[in-house]
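1. Pasting the sequence and the predicted coordinates here, then a few questions.
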Amino acid sequence: MNFQPVLPLSGYPGWLFLNRTLETQQTAHDNTQQIKRETAYFEKNIGRIQTAEALVQDRTLLKVALGAFGLDDDIGNKFFIRKVLEDGTLERSALSNRLADKRYFEFSKAFGFGDFSTPNTQLSDFGARIAEAYKERQFEVAVGDQDENMRLALGAQRELDALTKRDISDNAMWFTVMGNAPLRNVFETALGLPSSFGSLDLDKQLEVFRDRAERQFGAKNIAQFADPEKQEELVRNFLIRADIQNQNISILGGQTALALLESASAIRPFR
């Protein structure tokens, strides 16, 4: 891919710059020859695909399909992906329901091979919707090639925008966060949770997530992150704490981290 995002700064100041220039940079990315070629091919040809087997045999279609859900690394795992798609999502025994990473569930649900007699690939707007998701995700990948934390922050915003619109319980939302590795990373880092946290019982993890969220953001529920200001606060905490971890700063009594968080709170994002 020829596109390289402009990221002159790292950390939270870099995030503010990226947000200020996001629309322009996303457009430049979407207009690269590779992205235009891949998405045009997908939109033109996905309608002829009626089985999971047919999808995994077409590498370009599969690349866009997986990339739209952040599953790019599975491009070579054809048998596994076919199984995820053919099992669907309706049965508890379906592979996507047994995997901890719920991106596979969303992927299988979106295509509908195992859930319906006629898959969603036959819908008139399906190709365009998946192509748009692919563009967004691939821009995040390009950003991540320069700064992985920026990629995680962009992904967190996208995931939270979608998650907070779903008609599910708060516990289900938290379990969705816990089952999405990149989003979970953002929350764990922003909430100052140790690397050993994931070894706890799931119900205990849920309790800790909710308590820490209330302490730092004022409420226990995920729905609060529908508010752009709360999202920004989450991202700011994530980026500052990630910088501290990456630089191995020795923090005496947490005073340095607290000072950084307090000073950052005075910075207003570009609008």
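-> Here it is on my side, so go on.

2. in which helix or strand would I find residue 42?
-> Residue 42 belongs to helix 33-45 when assigned by DSSP states H and E.

3. could you say what helices and strands the following helix or strand past that helix packs with?
-> Using DSSP H and E, the helix or strand that follows helix 33-45 in sequence is helix 52-57. Other helices and strands packing on helix 52-57, by 3 or more Cβ pairs under 8 Å, 6 or more residues apart in numbering; DSSP states H and E, are helix 59-67, helix 78-87. C-betas here are computed from N, CA, C, even on glycine.

4. Now do the buried residues in helix 52-57.
-> The neighbour-count check on helix 52-57 (16 or more other Cβ atoms under 10 Å) flags 52, 55-56 as buried.

5. For it, the averaged confidence score.
-> Averaged over helix 52-57, pLDDT sits at 98.

6. Quick one: neighbours of residue 204, just the number.
-> Residues near residue 204, counting by other Cβ atoms under 10 Å, number 10.

7. do the same with residue 84
-> 25.

8. Residue numbering should commence at 73 henceforth.
-> In the new numbering, first residue 73, that becomes residue 156.

9. Relative to residue 83, how far out is it?
-> 36 Å (Cβ to Cβ, to the nearest Å).

10. go on, residue 243?
-> Residue 243 is 33 Å from residue 83, where distance means Cβ to Cβ.

11. The two: which is more packed in?
-> The neighbour count for residue 243 versus residue 83, taken as other Cβ under 10 Å, is higher for residue 83 (20 against 13).

12. Tell me where the stretch 173-322 of the chain has helices.
-> 175-183, 198-218, 220-235, 242-250, 253-262, 274-289, 300-319 (DSSP state H, counting those that start in this stretch).

13. what's the distance between stretch 251-269 and the middle of its chain?
-> 13 Å (Cα atoms, centre = their mean, to the nearest Å).

14. Buried residues in it, which are they?
-> Neighbour-count burial for stretch 251-269, counted by 16+ other Cβ under 10 Å, picks out 251-252, 254-263, 265, 269.

15. ends of it, how far apart?
-> End-to-end distance for stretch 251-269, by Cα to Cα, to the nearest Å: 14 Å.

16. coming back round to it: could the helices and strands packed on helix 124-129 be laid out in TSV, adding distance to residue 204?
-> Putting those into TSV (distance: least, Cβ to Cβ, whole Å) gives the following:
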stretch	distance to residue 204
helix 131-139	11
helix 150-159	20
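
17. Out of those helices, flag the one nearest residue 102.
-> helix 131-139 (13.3 Å; Cβ to Cβ).

18. for this structure, which spans come out with low pLDDT?
-> For the chain, the stretches with pLDDT under 70 are 73, 320-343.

19. Check it and tell me which residue is nearest its centre.
-> Centroid check for the chain by Cα atoms, centre = their mean gives residue 227 as the closest residue, at 3.7 Å.

20. Pull the contacting residues for the closest residue to that residue other than its chain neighbours.
-> The shortest distance from residue 227 to any non-neighbouring residue, by Cβ to Cβ, 6 or more residues apart in numbering, is to residue 254 (5.1 Å). Residue 254 makes contact with 142, 224, 227-228, 231, according to Cβ atoms under 8 Å, 6 or more residues apart in numbering.
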